[in-house]
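> Can you look at this prediction? I've put the sequence above it.
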Amino acid sequence: MNCHCEKDKKKGQWLKIAFFCPQIALEAVSDVLAVVSGSGVEQSPEANGGAWLSGFFYLEEGDAAQTTEESRLLCEIRQKLADIFTLYDLVLPELQQTRLADEDWATSWQQFFKAFAIVPGLVIKPSWEEYVPMIGERVLEMDPGMAFGTGQHASTRGALTLLARCVASHIPEKALDVGTGTGILAMALAMWGAQEVLAIDNDEEAVRVARGNVVNNHLSGQVTVGITPLEKLFETYDLICANIVHDVLLTMLPDFVRLAATPSYLILAGILAGEQERNLTRHFAKAGFTLLGCEYEDEWVSLLLTR
């Protein structure tokens, strides 16, 4: 269980919103829940082609205020789910909501979350836990409400593995992280030596969360987080990464061509192995990108390209 609470000393209630999510959309949906909640996401073991996801939302005191906030949250979650499920041609799930007493729920789960290595050499740790890195290890501090759905998903691990491979031979001067979410890829790049990283996202809440993570990890001098649309960027970058979905990556191809320096590296993740992989590889090859390597995990693949 992954949750985080900044309001554990106040009196109120928690709203739990739960639903079944197909496996293909788990990462994108859990990221959205974590960003909107700012508190936590719980995922059941995967079965029957997906898993149950639960988001936890704090409701302030007062019956009227709680009812209004609950309605607002349900409306926001339904809209964000509609955006994601439409991309995957999925039917919107039925939402189940439950109110939980504040009590000690907000902190009791912390004992279950420990520091973990996302990829060799890069560790995520919660703010309340001390961790002494081994020689050569880098540590990102991200509480689990933010880390869930980023560090623990196959496509994120694949992207990080390919980023590590890139920086081992070439540390980028200027890098771009498209669809940054919690900012984990941008921060990893900075920790691995990238001098200047621009992280963008079209979700204002994601931008807020990513900025907070960058500040907490003392990376503001290297990482800039913004909501600038991709088409409004005009500089070139020697490394671009994007962990999104197949259809969106295809629509971004002209911008990647325009923004990628020569030479440069491009890392694409959030792709299903097989048909999506072949389709993206073919289109990017026509645009002048050469496939250097792939990273597979479960049904996901991450691609490393250059030009």
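Arrived safely, thanks for sending.

> got a list of what the residue nearest to residue 136 when sequence neighbours are not counted touches?
With Cβ to Cβ, 6 or more residues apart in numbering as the criterion, residue 136 has its nearest non-adjacent residue at 6.0 Å, and that residue is residue 121. Any C-beta I mention is one placed from the backbone N, CA and C, and that applies to glycine too. Taking Cβ atoms under 8 Å, 6 or more residues apart in numbering as the criterion, residue 121 is in contact with 136, 137, 138, 164.

> ditto for residue 76
Contacts of residue 76 (Cβ under 8 Å, 6+ apart): residue 36.

> C-terminal to the helix or strand hosting it, what's the next element?
Using DSSP states H and E, residue 76 maps to helix 63-87. Next along the chain after helix 63-87, taking DSSP H and E as the criterion, comes strand 96-101.

> Give me the buried stretch members for whichever strand or helix holds residue 117, please.
If you go by DSSP H and E, residue 117 is part of strand 116-119. Of all the residues in strand 116-119, those buried under the rule 16 or more other Cβ atoms under 10 Å are 118, 119.

> then it to PDB, C-alphas only?
Below are the C-alpha coordinates for strand 116-119, written out as PDB (Å, rounded to 0.1, in the frame of the first residue of the first chain):
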ATOM      1  CA  PHE A 116      13.900   0.500  -2.900                       C
ATOM      2  CA  ALA A 117      16.100   0.400  -6.000                       C
ATOM      3  CA  ILE A 118      14.200   1.400  -9.100                       C
ATOM      4  CA  VAL A 119      17.100   0.400 -11.200                       C
END
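
> Who are the packing partners of the helix or strand following it?
As assigned by DSSP H and E, the chain's next helix or strand after strand 116-119 is strand 122-125. On a contact count with 3 or more Cβ pairs under 8 Å, 6 or more residues apart in numbering; DSSP states H and E, strand 122-125 meets strand 116-119, strand 138-141.

> what do you get if the cut-off is 10 Å, keeping everything else the same?
When contacts are defined as 3 or more Cβ pairs under 10 Å, 6 or more residues apart in numbering; DSSP states H and E, strand 122-125 sits against strand 116-119, strand 138-141, helix 144-147, helix 154-169, helix 184-191.

> Sort out which residues of the next helix or strand along the chain from the last one are buried, please.
Per DSSP H and E, helix 184-191 leads on to strand 196-200 as the next helix or strand towards the C-terminus. If you call a residue buried by 16+ other Cβ under 10 Å, then strand 196-200 has these buried ones: 196, 197, 198, 199, 200.

> now do stretch 198-214
Under the neighbour-count criterion of 16+ other Cβ under 10 Å, stretch 198-214 has 198-201, 203, 205-207, 209-214 buried.

> swap in stretch 116-133?
118, 119, 121, 122, 123, 124, 125, 126.

> Stretch 23-30 now?
Under the neighbour-count rule (16+ other Cβ under 10 Å), stretch 23-30 has 24, 25, 26, 27, 28, 29, 30 buried.

> Pick out the most distant pair among the residues you listed.
24 and 30 (12.5 Å; Cβ to Cβ).

> tell me what the longest strand seen in the chain is packed against?
For the chain, the strand with the greatest residue count under DSSP state E is strand 260-272. Under the contact criterion of 3+ Cβ pairs under 10 Å, 6+ apart, strand 260-272 touches helix 26-37, helix 154-169, strand 174-178, strand 237-243, helix 246-259, helix 275-286, strand 290-297, strand 300-306.

> out of these, deepest packed?
Each of those was scored by mean neighbour count; the highest is strand 174-178, a mean of 27, by mean count of other Cβ atoms under 10 Å.

> what about this structure, any weak spots by pLDDT?
Applying pLDDT under 70 to the chain flags the ranges 1-12, 38-40, 102-113, 144-152.

> again, only using 80
Low-confidence segments of the chain, defined by pLDDT under 80: 1-13, 34-35, 37-46, 60-65, 100-114, 143-153.

> Outline the domain layout of it.
2-107, 116-306 (automatic domain parsing).

> Contacts for stretch 220-228, please.
With Cβ atoms under 10 Å, 6 or more residues apart in numbering as the test, stretch 220-228 has contacts from 175, 177, 180, 183, 186-187, 189-191, 193-204, 206-215, 217, 232-233.

> Looking at the helices and strands packed on strand 122-125, which is nearest to residue 280?
Comparing the helices and strands packed on strand 122-125 by their distance to residue 280 (Cβ to Cβ), the top pick is helix 154-169, with 13.1 Å.

> Can you say which of the helices and strands packed on strand 122-125 is nearest to residue 290?
Among these, the nearest to residue 290 by Cβ to Cβ is helix 154-169 (14.1 Å).

> between the closest one and helix 184-191, what angle do the directions make?
Interaxial angle, helix 154-169 versus helix 184-191 (axes from the mean of the first three to the mean of the last three Cα atoms, to 10 degrees): 20 degrees.

> got the CA positions of helix 154-169 in CSV?
Extracted in CSV, the C-alpha atoms of helix 154-169 (Å, rounded to 0.1, in the frame of the first residue of the first chain):
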residue,chain,number,x,y,z
ALA,A,154,7.8,-1.6,-16.0
SER,A,155,7.8,1.3,-18.5
THR,A,156,9.4,3.7,-16.0
ARG,A,157,12.0,1.1,-15.1
GLY,A,158,12.7,0.6,-18.8
ALA,A,159,13.1,4.3,-19.5
LEU,A,160,15.4,4.7,-16.5
THR,A,161,17.5,1.7,-17.6
LEU,A,162,18.0,3.2,-21.1
LEU,A,163,18.7,6.7,-19.6
ALA,A,164,21.4,5.1,-17.4
ARG,A,165,22.9,3.4,-20.5
CYS,A,166,22.9,6.8,-22.3
VAL,A,167,24.6,8.8,-19.6
ALA,A,168,27.2,6.1,-19.1
SER,A,169,28.6,7.0,-22.5
